[in-house]
Each structure stands twice: as C-alpha cells, then as structure tokens.
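**Q** Fold the following for me, if possible:
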Amino acid sequence: MSPLAHLGRAVLAALTSIGRVMIYAVTALSHIFRPPYYPREVFNAFVQIGWLSLPVVGLTALFTGGALALQIYSGGARFNAEAVVPQIVAIGMVRELGPVMAGLMIAARVTSSIAAEIATMKVTEQIDALVTLSTHPMKYLTAPRLLAGLITVPILVGVGDVIGVAGGYFVATQSLGFNPAAYLKNTVDFLETLDVVSSLVKGCVFGGIATVMGCYYGMQSGRGAQGVGQATKSSVEAAAVLILAANFLITGAFFSV
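**A** The predicted model follows:
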C-alpha cells in the first residue's frame, strides 16, 4: 500500500494547492472593488505590466507571424494550396498564437518579476512592515497588479495580433509574391468577430493568471535567497502551465462543434 499512499498524498497536496490558489485569486479580485485604493501602485503596475511589455510582445508576434507565413506557404505548396496563406496566418495568430505567445511572454517577464519582488519584500520583512502600518498586503501588492493584468494584457494581445498579421503580410508580399491588396482583403474577409472576442478573452484570463501566480508564490516564499529563487521558478512554471490549460479550455468553449 506504500505506493498508493504516496500517490494519495501527492494528489491531496495538489488539490490543496489548487484550492489555496483559487481562494487567493477570489480574495484578490474582491479587493479590487473595495477601498482604500492606491492609484500610484495601480499606475506603476500598468506601466510595468503593459507598457514595458509591449516591445517583447510586439517582436515575438512579428517574427511568429512571419515564420507562420513561410511555414504555411511551404506546406501548402505540397498540395497546390499556397493561396490560403492569408487566411491561415490570420486565424492562427488571432485565435491561438497571438494570445498564447503574449501570455507566455507575460509569464516569463511579469510573473517572474512580481514573484521575485514580493518574495524579496517578504524576506526583508517589508510585508510585515506594511501590516504594522495597517496596510493590507493583498490590497497594496496584489490588487493593483491583478487589475493591471486584467486590463493591459488583452490590449497587448490585440496589438500582438495586429503585429503578427502584419509580419505575415510583409513576408508574403515581399518574399512570397502575394498581391498586397488581395492579401489584406482575404485577411479581413476571413476573420470573424468571434475570433477577435476569443483572443481578447484569452488575454484577460492570461493576464489574471500571470499576475496571481506571481503574487501568490511571492507571498508563499521561503526565507533567504533560495526561497526567492524557488518562488520565482515555481511562479513561472505554474503560470505557463495554467495559461496553456486555460487556452485549451477557452478554445473548446468558443469553438467546440
């Protein structure tokens, strides 16, 4: 029975962790709508999560869109279907690659930064100082970052979608011989409102996951430099896995037959 006991303990530990994260996320979300508010922290979170993430998200989307156009053209040439490049690039970037790549970039850049910052604050007892000053750590540290993630990441996803489609457009028109006007017309005619809505919804969910994971693991950090490193690593791993899982579930909800 020893192997079953180990398996049972692992399953119970995983379920306990999931429950704690869910409670933490719901609590953080409730603090967004309750005073007091900290406008300066919210502004800083918007800058760090949104504005400063734009270059890496934009470059990632640009090269992904260009590579996708090359791959679709190369694969389509085997079946004399090169003409589908605009349609496949558009749906691939807007439905899947744009949101997922943006979410993973946010997890790599923002989640790790948040976890390291909050974990360092815990190690240096700055969070204890906030409590001493009657400042709720959840409201001061988590709520502004969660709000910024819920608002800015969908915007980043939308910008990334446009840049990714533009990357495919430039590669197709400059290297693959596509007519620019026909390419744009096929792109616009093929995309539907549901595609764009699903992309923005994914961005909102991914932003919430990335910020909550960073704050949660930062708050749960152990003492010392090793604890900070472990919290940072665990936050990025959890955020990346949850983003991919959420992407699957949202895609199924929007586009299941």
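**Q** Ramachandran coordinates for residue 177?
**A** As for residue 177, its main-chain torsions (degrees, to the nearest 10) stand at phi 80, psi 20.
**Q** correction: residue 179
**A** According to degrees, to the nearest 10, residue 179 has phi -80, psi 130.
**Q** what does residue 36 give?
**A** Given degrees, to the nearest 10, the pair of backbone angles that residue 36 has is phi -80, psi 160.
**Q** Might one say that it is in contact with residue 139?
**A** Yes. Using Cβ atoms under 8 Å, residue 36 is in contact with residue 139, at 7.0 Å. Every C-beta, even on glycine, is put in place using the N, C-alpha and C of the backbone.
**Q** Settle it for me: which of these two has more neighbours?
**A** Set residue 36 next to residue 139 and count neighbours by other Cβ atoms under 10 Å: residue 139 wins out with 20 against 8.
**Q** any idea how far that one lies from residue 41?
**A** Using Cβ to Cβ, to the nearest Å, residue 139 is found at 9 Å from residue 41.
**Q** And the helices in the protein, which stretches?
**A** 2-32, 39-49, 54-77, 85-91, 98-106, 112-123, 126-132, 137, 143-174, 180-190, 193-219, 224-255 (DSSP state H).
**Q** Single out the most deeply packed of those.
**A** Highest mean neighbour count of the helices of the chain: helix 98-106, a mean of 26 (counted as mean count of other Cβ atoms under 10 Å).
**Q** what residue is smack in the middle of this protein?
**A** By Cα atoms, centre = their mean, the chain has its centre lying nearest to residue 103, at 2.3 Å.
**Q** and that one, how far is that from residue 177?
**A** Per Cβ to Cβ, residue 103 is found 34 Å from residue 177.
**Q** Check residue 235 too.
**A** 46 Å.
**Q** and if you look at residue 137?
**A** 58 Å.
**Q** what's the answer for residue 67, then?
**A** Distance of residue 67 to residue 177, given as Cβ to Cβ: 18 Å.
**Q** what does residue 12 give?
**A** Residue 12 is 60 Å from residue 177, by Cβ to Cβ.
**Q** So, low pLDDT: which residues of the chain?
**A** Scanning the chain with the threshold set as pLDDT under 70 gives 1, 257.
**Q** mind running it again at 80?
**A** Along the chain, the model assigns pLDDT under 80 to residues 1, 77, 80-82, 256-257.
**Q** check contacts around the nearest residue to residue 63 once chain neighbours are set aside.
**A** Of all residues not flanking residue 63 in the chain, residue 167 sits nearest, at 6.6 Å (Cβ to Cβ, 6 or more residues apart in numbering). Counting by Cβ atoms under 8 Å, 6 or more residues apart in numbering, residue 167 touches 61-66, 69.
**Q** Mind doing that once more with 6 Å?
**A** By Cβ atoms under 6 Å, 6 or more residues apart in numbering, residue 167 lies in contact with 62, 65-66.
**Q** is it possible to export the residues you listed to a markdown table including distance to residue 18?
**A** Shown next, in a markdown table, are those (distance: Cβ to Cβ, whole Å):
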| residue | distance to residue 18 |
| --- | --- |
| 62 | 36 |
| 65 | 35 |
| 66 | 38 |
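**Q** Can you tell me which of these is closest to residue 255?
**A** Compare each of the contacts of residue 167 with residue 255 using Cβ to Cβ and the shortest gap goes to residue 65, at 20.7 Å.
**Q** so the closest one sits right up against residue 164, yeah?
**A** Yes. Using Cβ atoms under 6 Å as the test, residue 65 is close enough to residue 164 to be in contact (3.5 Å).
**Q** got any residues that touch both of those two?
**A** Counting by Cβ under 6 Å, 6+ apart, the contacts common to residue 65 and residue 164 are residue 93.
**Q** any residues touching stretch 102-109, and which ones?
**A** Contacts for stretch 102-109 (Cβ under 6 Å, 6+ apart): 53, 56-57, 60, 153, 156-157, 160, 206, 210, 236, 239-240, 243.
**Q** please redo it, this time with the cut-off set to 8 Å
**A** Counting by Cβ under 8 Å, 6+ apart, 49, 53, 56-57, 60-61, 149, 153, 156-157, 160, 202-203, 206-207, 209-210, 213, 236, 239-240, 243, 247 sit against stretch 102-109.
**Q** Right, I'll leave it there.
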